[in-house]
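>>> Predicted model follows, preceded by the sequence.
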Amino acid sequence: MAVSVGQITIMDFNDGVTLTGYISGNHTKNVRYDGNNESYTPNFVSTPLVLTPSLFVAGSGTDIMASGTDIMASGTNVQAVAWKRKANNQTGENNLSAGESMGAAFPKALTVSSQPFSAAVFSVEYICTIVYRDPATGLDLTYKNSVTIQKVTEGNNIAIAEITADPGLAFKNALPASITLGAHLYRGAAKDTTNLTYVWERLVAGIWTAIGGATGATHVVTPSMVASLQQFRVKISDTVAGDSYTSDPATVLDFNDPIQVVIESTGGEVFKNGIGTSTLKAKLFQNGGEVDSGGTAYTYTWTVLNKDGSTRSFADATASKTGKSIPVGTGDVDVKSTFVCTVS
């Protein structure tokens, strides 16, 4: 089965990158409010909330699993960073309020040193928009991520199950090698880790199905487990209290770049007066880099078309040739010939 076909007549090579990332914070996502004392824990006025964005190029050398390089640490190729907010009583994305500011230096963390909650405000979503310029194509790519901070009133016994993903929620070209999903149960602003059991599930044909053996606080996902996209969730139960909570789904994506075939000709593309020879070589590119430079991973099959686009034989009367490189001469060219390389 062929995995790619290329020919020397026309080539359009365009390979954009895929971005992934997350926002980390120095506090939990839940802030406990004591109505009797009218106090918040944690108190952002005394201990500011710091939200730090991270950005990675999935499936490349800047992927966190490959080198641990966070683009936001240096800001390389980052063109712009903007923070917005959206409280539960607001519509759309809004400018930051007093006491909310973005750092001047990378990683452009957001610091919240004021109390964002009130009687009418019980949740605030902080949205970070990053514009990254792909050095290979010169295109500006926009990546947006957000995190929601919630107020939990003490005494209402609200518990929330959450999933985190390290290093993110996307694979590209089988990288990273794995993603670790983590299950967390928060009661108010405190994380509960005692007397808990876990059941991980995945969505199959619209039905949530338990994953065999996935009963720990973490679940490792590999690229082979994801076809385009796969949703996961976790059920957390307290064996003493007898209560159970189900997280929101986490969607893991799998991106794959098609292999692009570029054919090089050592003798150019024009023979004159019946004189000329050339060596045609097929080069494969994926994710902006050459693959199979040794020509051992794939089979290269060459055919030739005449000026009318019909299949013809080579000068030695063979219908096709194999190999990463083949020699051709004037006998292989009848006015105009197109050499096609099918990679399988």
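Good, I have the coordinates.
>>> Could you give the separation of stretch 200-220 from the chain centroid?
21 Å (C-alpha atoms, centre = their mean, to the nearest Å).
>>> Could you measure from W208 over to S244?
Distance of W208 to S244, computed by C-beta to C-beta, to the nearest Å: 14 Å. Glycine gets a C-beta too; all of them are placed from N, C-alpha and C.
>>> cool, and Q115?
In terms of C-beta to C-beta, Q115 sits 33 Å off from S244.
>>> Same question for L284.
Counting by C-beta to C-beta - L284 and S244 are separated by 51 Å.
>>> Have a look at those two and say which one is more surrounded.
Using other C-beta atoms under 10 Å as the criterion, L284 and S244 rank with L284 on top: 23 against 13.
>>> which helices and strands does the host helix or strand of that one pack with?
Using DSSP states H and E, L284 maps to strand 277-286. In terms of contact count using 3 or more C-beta pairs under 8 Å, 6 or more residues apart in numbering; DSSP states H and E, strand 277-286 is assigned the packing partners strand 260-265, strand 289-291, strand 325-329, strand 338-343.
>>> so for the second one, what's the average pLDDT?
Taken as a whole, strand 289-291 carries a mean pLDDT of 84.
>>> Over to stretch 227-234?
Mean pLDDT, stretch 227-234: 88.
>>> So what's the gap between the longest strand along the chain and the chain middle?
In the chain, taking DSSP state E as the definition, the longest strand is strand 140-153. Relative to its parent chain, strand 140-153 has a centroid offset of 17 Å by C-alpha atoms, centre = their mean.
>>> Which stretches in the stretch 51-200 of the chain count as helices?
71-74 (DSSP state H, counting those that start in this stretch).
>>> any weak-confidence spans in the stretch 101-250 of the chain?
In the predicted model, the stretch 101-250 of the chain carries pLDDT under 70 at residues 154-158, 188-189.
>>> And the strands in the stretch 201-344 of the chain?
207-210, 218-221, 229-238, 244-246, 250-255, 260-265, 277-286, 289-291, 300-305, 311-312, 321-322, 325-329, 338-343 (DSSP state E, counting those that start in this stretch).
>>> and L19, which of those is closest to it?
strand 250-255 (10.3 Å; C-beta to C-beta).
>>> how's the protein carved up into domains?
Per the record, the chain has its domains at 4-12+258-343, 17-156, 158-255, by automatic domain parsing.
>>> The strands of the stretch 201-344 of the chain: which one's closest to T197?
Across those, closest to T197 is strand 229-238 (C-beta to C-beta), at 4.9 Å.
>>> Excluding its own residues, what touches that closest one? List them.
Residues outside strand 229-238 that contact it (C-beta atoms under 8 Å, 6 or more residues apart in numbering) are 161, 163, 181, 183, 185, 192, 195-203, 208, 219, 221, 243-254.
>>> Assess the claim that K84 and T129 are in contact.
Yes: K84 lies in contact with T129 (C-beta atoms under 8 Å); the separation is 7.2 Å.
>>> and the nearest residue to S113 once chain neighbours are set aside, how far is that from N88?
Closest residue to S113 apart from its sequence neighbours, by C-beta to C-beta, 6 or more residues apart in numbering: P48 at 4.1 Å. Going from P48 to N88 by C-beta to C-beta gives 21 Å.
>>> Show me which of the two is the more surrounded one.
Remark: of P48 and N88, P48 carries more neighbours, 18 against 14, as counted by other C-beta under 10 Å.
>>> beta partners for K272?
Counting by DSSP bridges, K272 is bridged to I275.
>>> Revised request: answer the last question for R202.
T209, F232.
>>> who's in contact with the longest strand of the chain?
For strand 140-153, contacts defined as C-beta under 8 Å, 6+ apart pick out 16-17, 19, 21-23, 25, 29-33, 35, 40, 49, 51, 53, 55, 79, 116-117, 121-134, 158, 160, 188-189.
>>> Which PyMOL command selects the buried ones in the residues you listed?
In PyMOL syntax, the buried subset of those is picked out as below (16 or more other C-beta atoms under 10 Å):
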select buried, resi 17+19+21+22+23+25+29+30+31+32+33+40+49+51+53+55+116+117+122+123+124+125+126+127+128+129+130+132+134+160+188+189
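>>> per-residue pLDDT, the closest residue to D292 other than its chain neighbours?
Distance criterion C-beta to C-beta, 6+ apart; nearest residue to D292, sequence neighbours excluded, is L284 at 5.1 Å. Model confidence at L284, expressed as pLDDT, equals 88.
>>> change the start of the numbering to 109 and stick with it
All right, first residue 109 from here; so that's L392.
>>> Pretty sure L392 sits against V369.
Yes: look at L392 against V369 with C-beta under 8 Å: they come within range, at 6.1 Å.
>>> quick one on the thing from earlier: how far does the strand holding L392 sit from the chain's center?
31 Å.
>>> That one pairs with which strands, and in what direction?
strand 368-373 (antiparallel), strand 397-399 (antiparallel), strand 433-437 (antiparallel).
>>> for those strands, which one sits closest to S452?
Across those, closest to S452 is strand 368-373 (C-beta to C-beta), at 11.4 Å.
>>> from the middle of its chain, how far away would that closest one be?
28 Å.
>>> Stretch 156-164 too?
18 Å.
>>> Can you tell me what sits against that stretch?
127-135, 150, 170-172, 177-180, 186, 189, 215-221, 234, 236, 238, 240, 251, 253, 255, 257, 275-276.
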